[in-house]
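> Turn this into a model:
(2 chains)
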Protein chains: 2
Amino acid sequence: MRGFRAPDVTIGRLAEYLRALNSMDLAGHPPRFISSHELGPLVGVTSAQVRKDLALFGEFGKQGVGYDAANLRRELQQILNADRRINVGLAGVGELGDALLRYNIRRAAQDREYPFVMAAAFDTNPKKIGTTVDGVTPVYNVLDMPEVTRQKDLEIGIITVPASVAQSVADSLVKGGIRAILNFAPTKLTVREDVRVRYADVSLELLCLGYYLGPRRVRPDGGGPATG
Amino acid sequence: MRGFRAPDVTIGRLAEYLRALNSMDLAGHPPRFISSHELGPLVGVTSAQVRKDLALFGEFGKQGVGYDAANLRRELQQILNADRRINVGLAGVGELGDALLRYNIRRAAQDREYPFVMAAAFDTNPKKIGTTVDGVTPVYNVLDMPEVTRQKDLEIGIITVPASVAQSVADSLVKGGIRAILNFAPTKLTVREDVRVRYADVSLELLCLGYYLGPRRVRPDGGGPATG
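Residues are numbered from 1 along each chain as shown, chains lettered A, B, ... in the order given. Predicted coordinates:
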């Protein structure tokens, strides 16, 4: 089932298929079978796209019946390694970092299938080091990052430090054995080829959205600039 | 310069080129000219990619000299509408929403070129309605969203509400005239064709990263599961 690398966009859709199946299950009405015609619209793609994506990983469906929902879910979990606990470490317990930790801790508490455990956080602030976030995630000194990363068996790193130090934090995470990074810092990271980085860069996302706005709108009431 | 729709991936790179130029300027050493060979590595793409992307929008460069940095920056700002103030509204002043507001307010305070103004926030909690975030962003009742969106001339909406209500919030934003949405809620949105949605979905990003981890690692020390 593995042994080849699926394109990133395919992986993104697999994650969405899995989440759609999880939602049905959480809502208490898991179907026995689900067709590509049902699954596609839940994720905003065509049924042909669903079949093509899943065919990359094996033959899950039955002609005229669809996919065995529980089986498909299990397979997707295996492909995405979501069938086991994944320890996540977060660097930078500022406002955004703190909010992301609490968000993930809450998700994990609500959903037994949520595979991500916020196992460690890192900061430079002596007032934060030695405390816990939400009574769950211990905050360590950023200097101990490579060691703690190994000890806590961290597999994914979330970076929420300022852009100026994001690269050195990424280097420390990789030194500790991290192979996957979600970077919120507004900067590009340079990492080894076997390390995967995804970007969740808020200001860049906003900049991109700006393209679609077109010239400044005339306000419907024809008034001057908004005050307030 | 406009009149056609560039691919999303191109827009993403334009935003990164702009940010690279902005960084140089903020750091106090803006170059007079910058070549595609200099700009490419800053963004992690080839010089050929830089030239191809920019050629889509006109002829900015001079053979053997590169691009006039100030001029290129201005052009990129125009393409992305980053040469004017863009009012942003955020729905859902929970932990993540609050953190995002503060992050953007701080960015705007530090960088005069940051075009995004956090002009309004929305929530259902009576304790939050009528307050401000960081003394800057007023929090309104979510029921008044279409009206406030028009009054405040909001152009981009950020959604940080729970997944179960994200679609109805998106509908309200669109009703008020919003044409671009950054969605943090872990769910797919259905919007009109002329509305652009980008996703910043933390749990989905983590699920995608899981694919690249492979089977559970054996810990370097050969010990049991980490405790902690």
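> Spit out the contact partners of residue A:192.
Contact analysis of residue A:192 by CB atoms under 8 Å, 6 or more residues apart in numbering or on different chains lists residue A:174. C-beta here means a position set from N, CA and C on the backbone, and glycine is covered the same way.
> Could you report the pLDDT at the spatially most central residue of chain A?
Residue closest to the average C-alpha location in chain A (CA atoms, centre = their mean): residue A:182, at 7.1 Å. In this prediction, residue A:182 carries a pLDDT score of 97.
> hmm, the longest helix seen in chain A touching chain B?
Counting by DSSP state H, the longest helix found in chain A is helix A:8-26. Yes - counting by CB under 8 Å from any CB of the partner chain, chain B is contacted by helix A:8-26 at A:8, A:11-12, A:14-16, A:18-19.
> want to try TSV for these, with distance to residue A:98, pLDDT and neighbour count as columns?
Formatted as TSV, the residues of helix A:8-26 next to chain B follow (distance: CB to CB, whole Å; pLDDT from 0 to 100; neighbours: other CB atoms under 10 Å in any protein chain shown):
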residue	distance to residue A:98	pLDDT	neighbour count
A:8	29	88	13
A:11	29	95	21
A:12	27	93	20
A:14	30	96	24
A:15	25	95	25
A:16	27	94	25
A:18	28	95	23
A:19	25	91	22
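> Can you list the neighbours in contact with the one helix or strand residue A:207 maps to?
Assigning secondary structure by DSSP states H and E places residue A:207 in helix A:202-211. With contact meaning CB under 8 Å, 6+ apart, helix A:202-211 is reached by A:184, A:186, B:6, B:8, B:11-12, B:14-16, B:18-19, B:79-82, B:86, B:88, B:100, B:103-104, B:107, B:114-116, B:156, B:180-182, B:196, B:198, B:200.
> which residues touch the residue nearest to the centre of chain A?
Residue A:182 neighbours (CB under 8 Å, 6+ apart): A:156-159, A:197-200, B:202, B:205-206, B:209.
> who does the helix or strand hosting residue A:182 pair up with?
Under the criterion of DSSP H and E, residue A:182 resides in strand A:180-183. According to DSSP bridges, strand A:180-183 forms sheet pairs with strand A:156-159 (parallel), strand A:196-199 (parallel).
> Among the residues of helix A:8-26 next to chain B, which one lies nearest to chain B?
residue A:15 (3.9 Å; CB to the nearest CB).
> wait, the closest one sits on residue A:77?
No - Residue A:15 is not in contact with residue A:77 according to CB atoms under 8 Å; the separation is 10.6 Å.
> Name the strands paired with the worst-scoring helix or strand of chain A on mean pLDDT and say parallel or antiparallel.
Using mean pLDDT, DSSP states H and E, the weakest-scoring helix or strand in chain A turns out to be strand A:61-62, at a mean of 74. Its sheet considered, strand A:61-62 pairs with strand A:66-68 (antiparallel) by DSSP bridges.
> Buried ones in the helix or strand following the partner strand, by neighbour count?
Counting by DSSP H and E, the next helix or strand C-terminal to strand A:66-68 is helix A:69-79. Under the neighbour-count criterion of 16 or more other CB atoms under 10 Å in any protein chain shown, helix A:69-79 has A:69, A:72-73, A:75-77, A:79 buried.
> need these in a markdown table with distance to chain B and pLDDT, can you?
Below are those laid out as a markdown table (distance: CB to the nearest CB, whole Å; pLDDT from 0 to 100):
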| residue | distance to chain B | pLDDT |
| --- | --- | --- |
| A:69 | 18 | 92 |
| A:72 | 15 | 94 |
| A:73 | 13 | 94 |
| A:75 | 13 | 94 |
| A:76 | 9 | 95 |
| A:77 | 9 | 95 |
| A:79 | 7 | 94 |
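> contacting residues around residue A:95?
B:98-99, B:102-103.
> Looking at these, spot the one nearest residue A:133.
residue B:99 (12.8 Å; CB to CB).
> Can you tell me the SS state at the closest residue in space to the closest one that isn't next to it in sequence?
Nearest non-adjacent residue to residue B:99, counting by CB to CB, 6 or more residues apart in numbering or on different chains: residue A:99, 3.7 Å away. Under DSSP: H, G, I helix; E, B strand; the rest coil, residue A:99 falls in the helix class.
> State the number of residues packed around residue A:99.
23 (other CB atoms under 10 Å in any protein chain shown).
> The one 3 residues further on too?
If you count neighbours by other CB under 10 Å, residue A:102 ends up with 19.
> Please, which helix or strand holds it?
Residue A:102 belongs to helix A:95-110, assigned by DSSP H and E.
> buried ones in that helix?
So helix A:95-110, judged by 16+ other CB under 10 Å, has buried residues A:95-105, A:107-108.
> which regions of chain A lie under the pLDDT threshold?
Counting by pLDDT under 70, chain A contains low-confidence ranges at A:1-4, A:215-228.
> which one's the longest strand in it?
Criterion DSSP state E: the longest strand present in chain A is strand A:116-123.
> who does that strand touch, helix- and strand-wise?
strand A:86-91, helix A:95-110, strand A:137-141, helix A:145-151 (3 or more CB pairs under 8 Å, 6 or more residues apart in numbering or on different chains; DSSP states H and E).
> Tell me who's in contact with the nearest residue to residue A:97 once chain neighbours are set aside.
Nearest non-adjacent residue to residue A:97, counting by CB to CB, 6+ apart: residue A:160, 3.6 Å away. Applying CB under 8 Å, 6+ apart, we find residue A:160 in contact with A:90-94, A:96-97, A:100, A:184-185.
> separation between residue A:89 and chain B?
With distances taken as CB to the nearest CB, to the nearest Å, residue A:89 is found 11 Å from chain B.
> Does that residue touch residue A:149 like I think?
Yes - proximity of residue A:89 to residue A:149 meets the contact threshold set by CB under 8 Å, at 6.1 Å.
> Now list whatever residues contact both of these two.
By CB under 8 Å, 6+ apart, residue A:89 and residue A:149 have these common neighbours: A:120, A:157, A:173, A:178.
> What count of nearby residues applies to the second one?
This points to residue A:157. 29.
> now the one 5 residues further on
Look at residue A:162: counted by other CB under 10 Å, it has 12 neighbours.
> got the phi/psi numbers for it?
Here is the backbone geometry of residue A:162 (degrees, to the nearest 10): phi -60, psi 150.
> Setting aside sequence neighbours, what's the nearest residue to it?
Using CB to CB, 6+ apart and skipping residues adjacent in sequence, the residue nearest residue A:162 is residue A:185, 6.7 Å away.
> Is that neighbour located within a helix, as I assumed?
No - going by three-state DSSP, the assignment for residue A:185 is coil, not a helix.
> mind checking how far the closest residue in space to residue A:134 that isn't next to it in sequence is from residue A:151?
Nearest-residue entry for residue A:134: residue A:105, 5.0 Å, with adjacent residues in sequence omitted and distances by CB to CB, 6+ apart. Per CB to CB, to the nearest Å, residue A:105 is found 20 Å from residue A:151.
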